[in-house]
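Peer 1: 3D, please:
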Amino acid sequence: MPMPSTKKAAAVVLTAALLAPASPMAATAATARHPTARHHYDEDALRRDLAAVRAAGGGDVNVLARVDGPHGAPLLARVGTRTADSTDPIPWNAHFRVASTTKTFTATVVLQLAAEKRLSLDDTVEHWLPGVVAGNGNDGRRITVRDLLRQTSGLYDYIDDPEIQDRLINHFEENRYDSTPAADLVAVAMRHRPLFVPRPGGATRWAYSNTNYLLAGMIAEKAGGASWRELVERRVIDRLGLRDTSVPGLDPRLPDPHVNAYLTGPDGTRIDVTEHSLQHTADSGVVSTTADLNTFFRALAGGRLLPAEQWREMRRTVRRTDDPEDLAEMPEGTYGLGLRRIPLSCGGSYYLHEGDGAGVNTRPAVSADGRRAVTVSVTTTTAPPDLAALNRATGALVDHALCDRPATSR
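Peer 2: Numbers count the residues shown, from 1 in each chain. Below you'll find the model as predicted:
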């Protein structure tokens, strides 16, 4: 059973009690060595934005950011330590669980299969998975693959199931090595009525549900003839040479180097949540680095992973309508097929998919032309951060980096 990989993760595993950080955090930065005249967004600007992200996280978070552009070496900054009892800084190439950013990987694979005519976005869930989405008002005959990828199915989010919430919030230690298959988690969602059922010719309604991507992964496996994990490895990771990206499955360990993540348990003690197998499905199971995520999103926007038709389809977004929590935490933007589109203050827009899991918050983004990308990785040391505040701070950093200008230049 994966940890919640959406913004709802802030409610998971834990009380809001804060513990003082075990060691002081110091900010450091490394930057490209080309002339500063060519770039307005520089080391000082990134450092200021990183400090704002840390403050938005309650001051007890570790933050690593990387900006890649068309001119040479990347811009890097970090604040925090590798573990709670260490003074070692965050490694520049730290691995972390990307949580719901996995959805963009899964959507890419599904769209590749669509380009190869192995499936159609207009296929129904019932066509591929007979009888799986049924009961309690759920109807797989009226939900398409496109609905799954763009979050317009109306299906209940299995993460919200009270039993699952109890296991994650009150019994994390007993369940950290959980291996519940995706099909069983879909069955949990089927115990609940959907929020809505798509109606042909009716208004498109939107609500975020991790259940959608479990089903998308199951369909990809049938159409692609391999596990979703193998499909992502072969079609994305290997194709791009992402040496620091993996799909560990039920292996609970993170590759070295990494930053340990902590949350506060119900009894007020700090829990090291770094090692677990809860995020092992197609909605949340990828591990990566800031460098590899920037490479992935730039390749996607640059046409290296999808034909033009499928890339256009991925960017065809809909308005978000039926998820007040999502709208409160991410007030701007629309949603496509495994991608959000967010407006830029300097004109145009960028694409991203956030990832929120046990002790981790990932914010990768890419400019529409693929020339610039930025990833912010946040690791908690106590309680989960307030996601509305965190999104404001990371959103400002992303906007400044992709517009290539610091906030002070406005």
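
Peer 1: Check which element follows the helix or strand of the chain with the lowest mean pLDDT along the chain.
Peer 2: Of the helices and strands making up the chain, the lowest-confidence element is strand 27-30, at a mean of 49, by mean pLDDT, DSSP states H and E. Scanning forward in sequence from strand 27-30 by DSSP states H and E, the next helix or strand is helix 43-56.

Peer 1: Mind giving me the packing neighbours of that next one?
Peer 2: Secondary-structure packing of helix 43-56 (3 or more C-beta pairs under 8 Å, 6 or more residues apart in numbering; DSSP states H and E): strand 27-30, strand 61-68, strand 75-79, helix 387-403. (Each C-beta comes from the backbone N, C-alpha and C, glycine too.)

Peer 1: Tell me which of the ones you listed is the most buried.
Peer 2: strand 61-68 (a mean of 27; mean count of other C-beta atoms under 10 Å).

Peer 1: CA atoms of that strand as CSV?
Peer 2: Extracted as CSV, the C-alpha positions of strand 61-68 are listed here (Å, rounded to 0.1, in the frame of the first residue of the first chain):
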residue,chain,number,x,y,z
VAL,A,61,13.1,21.0,6.3
ASN,A,62,16.0,20.2,4.1
VAL,A,63,15.9,21.7,0.7
LEU,A,64,17.8,21.0,-2.5
ALA,A,65,17.3,22.8,-5.8
ARG,A,66,18.7,22.6,-9.2
VAL,A,67,18.2,24.9,-12.3
ASP,A,68,19.2,23.7,-15.7
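
Peer 1: what does it contact?
Peer 2: 25, 41, 46, 49-50, 53-54, 57, 74-81, 90, 92, 94, 259, 290-291, 294-295, 298, 372-381, 385, 397, 401 (C-beta atoms under 8 Å, 6 or more residues apart in numbering).

Peer 1: ok, that strand: who's next to it in the sheet?
Peer 2: Here strand 61-68 is paired, per DSSP bridges, with strand 75-79 (antiparallel), strand 373-380 (antiparallel).

Peer 1: can I get the ones you listed in CSV with mean pLDDT and distance to residue 160?
Peer 2: Formatted as CSV, the strands paired with strand 61-68 follow (pLDDT from 0 to 100; distance: least, C-beta to C-beta, whole Å):
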stretch, mean pLDDT, distance to residue 160
strand 75-79, 97, 33
strand 373-380, 98, 21
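
Peer 1: Distance to residue 364 for those strands - can I get that in JSON lines?
Peer 2: Below are those laid out as JSON lines (distance: least, C-beta to C-beta, whole Å):
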{"stretch": "strand 75-79", "distance to residue 364": "15"}
{"stretch": "strand 373-380", "distance to residue 364": "4"}
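
Peer 1: Figure out which of those is closest to residue 205.
Peer 2: Taking C-beta to C-beta, strand 373-380 is the member of the strands paired with strand 61-68 nearest to residue 205, at 30.5 Å.

Peer 1: tilt between that closest one and helix 43-56?
Peer 2: Going by axes from the mean of the first three to the mean of the last three C-alpha atoms, to 10 degrees, strand 373-380 is angled at 40 degrees with respect to helix 43-56.

Peer 1: In strand 373-380, which residues are buried?
Peer 2: Buried positions in strand 373-380, judged by neighbour count with 16 or more other C-beta atoms under 10 Å: 373-380.

Peer 1: and of those, the nearest to residue 329?
Peer 2: Distances from residue 329 to the buried residues of strand 373-380, taken as C-beta to C-beta, are shortest for residue 378 (14.2 Å).

Peer 1: tell me the contacts of the closest one?
Peer 2: So residue 378 contacts 53, 57, 61-63, 360-363, 385, 390, 394 (C-beta under 8 Å, 6+ apart).

Peer 1: any idea how far residue 86 is from it?
Peer 2: Counting by C-beta to C-beta, to the nearest Å, the gap from residue 378 to residue 86 is 18 Å.

Peer 1: What of residue 280?
Peer 2: Plainly put, residue 280 is 28 Å away from residue 86 if you go by C-beta to C-beta.

Peer 1: Run through this structure and note the low-pLDDT ranges.
Peer 2: The chain contains residues with pLDDT under 70 at 1-39, 408-410.

Peer 1: hey, where'd the helices end up in it?
Peer 2: 43-56, 102-115, 125-128, 145-150, 162-170, 172-175, 182-189, 211-224, 228-232, 238-240, 290-301, 308-314, 324-329, 387-403 (DSSP state H).

Peer 1: Residue 280 and residue 86: which has the busier surroundings?
Peer 2: Legend: neighbour count by other C-beta atoms under 10 Å for residue 280 and residue 86, higher for residue 280 (24 against 11).

Peer 1: isn't that one right next to residue 246, touching?
Peer 2: No - with contacts counted by C-beta atoms under 8 Å, residue 280 stays clear of residue 246, the gap being 11.9 Å.

Peer 1: follow-up on the earlier one: I'd like to know which of the helices and strands packed on helix 43-56 lies nearest to residue 181.
Peer 2: For residue 181, the closest of these is helix 387-403, at 28.6 Å, according to C-beta to C-beta.

Peer 1: and residue 122, how many neighbours?
Peer 2: A count of neighbours around residue 122, defined by other C-beta under 10 Å, yields 11.

Peer 1: what sits opposite the nearest residue to it once chain neighbours are set aside in the beta ladder?
Peer 2: Leaving aside its chain neighbours, residue 122 sits nearest to residue 144 (5.5 Å; criterion: C-beta to C-beta, 6 or more residues apart in numbering). Legend: beta-bridge partners of residue 144 under DSSP bridges are residue 124.

Peer 1: Sweet, I'm off.
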